[in-house]
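Trainee: quick one, structure for this:
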Amino acid sequence: MAKAIRIHETGGPEVLKYEEVETPAPAAGEVLIRQNAVGLNFIDIYFRTGLYPAKPPFTPGGEGAGVIAAVGEGVTQFKEDDRVAYVTNGGAYAQERLMPADRVVKIPDGVSDEQAAAIMLKGMTAWYLLRRTFPVQKGHRILYHAAAGGVGLILGQWAKHLGAQTIGTAGGEEKVKLALQHGYDSVIDYKTEDFVEKVAALTEGKKCDVVYDSVGKDTFEGSLDCLRPLGMFVSFGQSSGQVPPFSINLLAQKGSIFTTRPTLFTYVAERKELETAADELFGLVKDGVITPTINQRYPLADAGRAHDDLENRRTSGATVLLP
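Mentor: Okay, the predicted model is just below:
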């Protein structure tokens, strides 16, 4: 028997229960992974609270890394003891788990299990935002909210590598300093500065080509005001609450703004795109372009404390849970 975090009813961090679970042998096309590290993400909180629906009881968690413990019939691309990682919609908060083999990627030498677990969801999110949703090129001006978060620190380094002018927002002196160390040319402290006015000053009134916003309600209207005509607003989360309903005419009034609400799993639905994302991400880690910043580690049994710290903005960078 292995241990896992189970949610029997949605609610606060206290609903995360550390329990024994039985993991069956892998079926055809599946692999059994003995996990060494699990990534923590804000989307885990959305599932825990019920904002994103899931049928209890369930195990949360979207990314992890470990070694292959067993392979099912027909699996030829992996063997026992291969180091692997994955990104998925749930089930990661566990000592071991089953995964479809076509959703798993090998971890190359030069990337640790903790690094892989910390960057699969966050790094691939940065990949689709920068490489697919709005393909960033040299000279583009970008604004990224929550720049000191797990995705933000990866995206800042990647965007700088692509030649963009990178502007971030963060709350407090320490988080501003951290973001500046990870690729951002400028970081606005939203606690003491008006980010709309600051963006206008930093871009000499030209504003941004794209705004990446995972904050939601608190930043929505200001984000639109940071965009040049025909710019793109990318909403990919809602840590402060959902973007309120708005008239589509608002986009015309703000300068014929494009807007989208993408999700990672749409972009990596095809195996080829999953491999492309992983190859680009791991390659940049190996080359030193991206340095994963793991600032918090918790035992898997303490997932509730990890959620509380993340929800109350007591974390920065990436967090991993250790089974």
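Trainee: from the contact counts, what lies against the helix or strand encompassing E174?
Mentor: In this assignment (DSSP states H and E), E174 forms part of helix 173-180. Identification of packing neighbours for helix 173-180 by 3 or more CB pairs under 8 Å, 6 or more residues apart in numbering; DSSP states H and E yields helix 150-161, strand 165-170, strand 186-189. The C-beta positions use only the backbone N, C-alpha and C, and glycine is treated the same way.
Trainee: give me the element Y212 is part of.
Mentor: strand 208-213.
Trainee: other residues contacting that strand?
Mentor: Identification of contacts with strand 208-213 by CB atoms under 8 Å, 6 or more residues apart in numbering yields 129, 134, 136, 140-145, 155, 167, 199, 219-220, 223-224, 226-228, 231-237.
Trainee: pick out the residue nearest the middle of the protein.
Mentor: Within the chain, one residue has its C-alpha closest to the average C-alpha position: by CA atoms, centre = their mean, that is K122, at 2.7 Å.
Trainee: show me what contacts it?
Mentor: By CB under 8 Å, 6+ apart, K122 lies in contact with G39, N41, E63, G150, V151, I154, A318.
Trainee: swap in Y52?
Mentor: Counting by CB under 8 Å, 6+ apart, Y52 touches I43, Y46.
Trainee: can we see that at 6 Å?
Mentor: Y46 (CB atoms under 6 Å, 6 or more residues apart in numbering).
Trainee: secondary structure class for it?
Mentor: Reducing the assignment to helix, strand or coil with DSSP: H, G, I helix; E, B strand; the rest coil, the entry for Y52 is coil.
Trainee: pull up the gap between N312 and S239, please.
Mentor: N312 sits 11 Å away from S239, going by CB to CB, to the nearest Å.
Trainee: higher neighbour count, the two?
Mentor: Counting neighbours by other CB atoms under 10 Å for N312 and for S239 shows that S239 has the greater number, 20 against 8.
Trainee: which residue sits closest to the residue of the chain most remote from its centre in space, ignoring its chain neighbours?
Mentor: Relative to the mean C-alpha coordinate of the chain, counting by CA atoms, centre = their mean, the farthest residue is E73 (32.1 Å). The shortest distance from E73 to any non-neighbouring residue, by CB to CB, 6 or more residues apart in numbering, is to A28 (4.2 Å).
Trainee: pLDDT wise, what is that neighbour at?
Mentor: Among the per-residue scores, A28 shows a pLDDT of 98.
Trainee: check G149 too.
Mentor: 88.
Trainee: then T293?
Mentor: pLDDT for T293: 86.
Trainee: try A318
Mentor: A318 carries a pLDDT value of 88.
Trainee: just the element for it, please.
Mentor: Counting by DSSP H and E, the element that carries A318 is strand 318-322.
Trainee: that strand vs helix 150-161, what angle?
Mentor: For strand 318-322 against helix 150-161, the angle between stretch directions is 130 degrees (axes from the mean of the first three to the mean of the last three CA atoms, to 10 degrees).
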